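Predicted structure and sequence below. I'll ask about it afterward.
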Amino acid sequence: MDKTKRIKELVELLNEASKAYYQDAKEIMSNFEYDQLYDELVSLEKETGIVLANSPTVNVGYEVLSELPKEKHASPMLSLDKTKEVDELVSFVGDKEAVLSWKLDGLTIVLTYNNGTLEKAVTRGNGTVGEVVTANAKTFKNVPVSIPYKGRLVLRGEAIITYSDFEQINKEIEDAESKYKNPRNLCSGSVRQLNSEVTANRNVRFIAFALIESDEDINSLDGQLSWLDEQGFETVERKVVNASNMQDAVDYFAEKIKTYDYPSDGLVLIYDDIAYGLSLGTTAKFPRNGIAFKWQDEIASTKLKYIEWSASRTGLINPVAVFDPVELEGTTVSRASVHNVSIVEELELGVGDEIEVYKANMIIPQIAENKTKSGTIEIPDVCPVCGEKTEIKNELGVKTLHCVNPKCPAKNIKKFTLFVTRNALNIEGLSEETMEKFVDAGFIHEFADIYHLDKYKDEIVTMEGFGEKSYDNIIASVEASRKAEPAAVLYGLGIPHIGVSNAKMLCKAFDQDLDKVRNAKVEDLVVIDGMAEKRAIPFVEYFENKENSDALDRLLDELEIVKPEVSGEQNMEGLSFVITGSLNSFENRDALKRYIEDRGGSAKGTVSNATNYLINNDINSNSSKNKKAKELGVEIITEEEVLKRWP
């Protein structure tokens with residue numbers, strides 16, 4: 001039995017069982033089975049000396065820093081020379097053997113172990129000086145915090161976030177502009193966090209690719225990586241190659257990258273004979289023992305149909321090339337961002353031009369070349385959304401197009417997106433990206449327009465990413481939202497300082513009557529708990545604005561306002577709670593908030609003198625909210641106590 005592999009299997013299986021039990025309220029194995037597997041893991045960890053950071057046997061203490069310390073590397077970390085030609089790889093390897101592996105696209109980290117324990121983790125930084133991220137590295141999903149080797153060990157690897165984890169994290173972010181651009185940026189930000197708890201929640205992985213220092217005498221790169229496998233590290237996927245099988249090996253990786261979950265922007269070829277590679281020395285810029293291989297971009301010719309000008313909430317209007325569909329890297333592509341006016345002009349784009357397109361790093365569609373260069377595309381002088389005048393700005397020689405109308409609907413995407421979220425009107429299918437498309441197309445100018453999307457069925461079903469089924473789902477969700485509670489509508493309007501809790505509190509104070517709420521004066525509001533003057537004044541000003549008031553009237557014509565049902569005894573009446581930390585009994589914080597509000601209480605975001613209870617299952621933690629609660633004499637209670645005191 002491969003004991004290292006079994007440890008990894010057990011950690012994954014036990015963590016999956018814990019998540020199912022504590023977060024999803026379901027069992028995938030009995031307590032007896034769990035205990036058996038846990039005992040097996042404990043035994044294997046003792047036997048091998050390997051303990052992974054995400055093992056259920058380890059309790060990770062999170063650390064918060066004011067800044068990341070800097071540290072100079074023992075020797076500069078140089079980049080490799082690059083090629084896009086397989087023939088150059090063949091020429092490079094000559095009559096030697098080399099290791100061909102993924103060039104992972106994340107953040108390079110150097111780990112140091114002493115006496116079998118992770119002692120230090122430092123980022124690559126500028127190659128000479130990096131940042132110390134030891135506390136964060138101890139929360140990486142697969143890094144060993146203990147290993148069987150007891151000497152000094154220094155190794156190098158890549159911290160990465162998989163595409164599937166990246167997509168899941170982005171899926172939970174409603175604001176399109178707040179979504180992360182790519183896994184590498186997300187990983188870099190996650191590893192360099194000042195709070196290691198944030199890093200832990202991002203599922204960062206460490207993939208080892210080089211052994212830098214140890215007492216083990218292994219003069220083979222593949223042999224060193226195999227030894228690191230035995231120490232419990234996940235090492236980079238690799239193949240030992242020579243001149244005769246180089247093409248086959250490259251073809252293998254080229255096929256696999258189409259579905260590979262780890263971000264990669266090419267391959268790395270390094271001599272397997274370490275002493276030989278080091279004997280070659282370095283040039284002024286590159287070490288001579290290896291070379292990086294960048295994918296040869298697959299290029300396709302197509303015809304430009306038109307340029308779509310897409311307005312954003314910042315006022316920037318982005319040009320997007322729309323062309324006859326072509327196959328690139330296994331997918332059909334028909335659009336590519338042109339980025340700005342300067343590039344439109346440099347490419348001399350025109351309708352009907354023959355263009356060549358490719359996917360940068362096999363992912364992002366780009367225009368490589370314009371063969372015919374008719375240059376007939378005109379830069380629009382009015383915004384495609386609001387019809388107001390546009391302005392070309394020139395910053396550092398780069399021209400960009402902007403809408404200068406402050407009331408352009410494209411600048412209010414956040415407002416419309418908030419309106420359809422779960423705590424507001426709860427209209428599924430209208431993500432921020434979808435809302436942006438509908439606003440750009442002129443379907444939505446105010447809230448009430450959402451209830452008339454059926455007028456645009458023909459246009460919607462032909463939009464990219466849509467069809468009859470997605471259209472039907474959106475319309476069904478829109479219709480279901482017509483019955484709405486007053487607090488949901490009030491929160492959905494996006495009035496400054498009025499979050500979910502305040503909206504519910506206000507509606508409750510005015511007997512669930514929206515007319516009373518909208519006609520309240522400052523003096524009526526300031527007597528309500530949590531409605532200080534700084535909140536009350538902008539609230540009153542919002543409804544005194546005729547445009548806002550008229551838009552609300554048109555919205556209310558589309559809705560049936562229903563009063564919320566009071567469920568359960570109002571035994572939390574007048575009590576204020578703050579929730580922090582992970583939950584066991586409730587699906588998420590929103591579920592616990594609903595429990596509190598259904599019983600007459602309120603759930604706030606920060607601990608203050610007005611807070612009655614802080615809910616935290618880890619009563620003894622050193623979190624900032626725990627510290628604040630103790631300073632103010634606020635009682636800290638667990639979920640279990642909440643359920644006992646207020647059933």
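Sure thing, it's come through.

Surely residue 349 touches residue 375?
Yes: between residue 349 and residue 375 there is a contact under CB atoms under 8 Å: 7.1 Å. Any C-beta I mention is one placed from the backbone N, CA and C, and that applies to glycine too.

Look at these two and report which has more neighbours.
residue 349 (24 against 13; other CB atoms under 10 Å).

which ones are touching residue 613?
Residue 613 sits next to 575-578, 634-637, 642 when contact means CB atoms under 8 Å, 6 or more residues apart in numbering.

could you redo the last one with a cut-off of 6 Å?
By CB atoms under 6 Å, 6 or more residues apart in numbering, the contact set of residue 613 is 577, 635, 637.

Count residues in the vicinity of the closest residue to residue 247 other than its chain neighbours, would you?
Spatial nearest neighbour of residue 247, chain neighbours left out: residue 86 (5.7 Å); criterion: CB to CB, 6 or more residues apart in numbering. Residues contacting residue 86 under the criterion other CB under 10 Å number 16.

so where do the strands sit in the stretch 451-600 of the chain?
For the stretch 451-600 of the chain, the strands defined by DSSP state E, counting those that start in this stretch cover 483-484, 560-561, 576-579.

Let me see the residues that make contact with the longest one.
Taking CB under 6 Å, 6+ apart as the criterion, the residues outside strand 576-579 that touch it are 589, 592, 596, 601-604, 607, 610-615.

and which of the residues you listed is nearest to residue 124?
Using CB to CB, residue 589 comes nearest to residue 124 of these, at 36.4 Å.

and the closest one, how many neighbours?
For residue 589, the count of nearby residues is 15 (other CB under 10 Å).

how far away is it from residue 97?
The gap separating residue 589 from residue 97 is 55 Å, by CB to CB, to the nearest Å.

coming back round to it: go through the contacts of strand 576-579 and flag which are in helices.
589, 592, 596 (DSSP state H).

How about the residue lying farthest from the centre of the chain: what's its closest non-neighbour residue?
Farthest-out residue of the chain from its mean C-alpha position, per CA atoms, centre = their mean: residue 95, at 45.0 Å. Distances taken as CB to CB, 6+ apart place residue 243 nearest to residue 95, at 7.2 Å, with adjacent residues excluded.

So which of the ones in helices among the contacts of strand 576-579 sits lowest on pLDDT?
pLDDT across these is lowest for residue 589, at 79.

who's in contact with it?
Counted by CB under 6 Å, 6+ apart, residue 589 has contacts residue 579.

Then residue 311?
Going by CB under 6 Å, 6+ apart, residue 311 touches 317, 383-385, 403, 410.

Compile those residues into CSV and extend it with columns for secondary structure and distance to residue 494.
As requested, those are arranged in CSV below (DSSP: H, G, I helix; E, B strand; the rest coil; distance: CB to CB, whole Å):
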residue, secondary structure, distance to residue 494
317, strand, 24
383, coil, 22
384, coil, 24
385, coil, 19
403, strand, 21
410, helix, 16
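
got any ranges where the stretch 351-500 of the chain has weak pLDDT?
Within the stretch 351-500 of the chain, the stretches with pLDDT under 70 are 360-363, 396.

hang on, residue 507 packs against residue 489?
No: counting by CB atoms under 6 Å, residue 507 stays clear of residue 489, with 8.9 Å between them.

Helices of the stretch 151-300 of the chain, start to end?
163-171, 183-191, 196-200, 221-230, 246-256, 274-279 (DSSP state H, counting those that start in this stretch).

Okay, and the beta partners of residue 359?
With DSSP bridges as the criterion, residue 359 is bridged to residue 365.

And for it, the neighbour number?
When neighbours are counted by other CB under 10 Å, residue 359 registers 20.

circling back: on the three-state scheme, the residue farthest from the centre of the chain is what?
Of the three states, residue 95 takes coil under DSSP: H, G, I helix; E, B strand; the rest coil.
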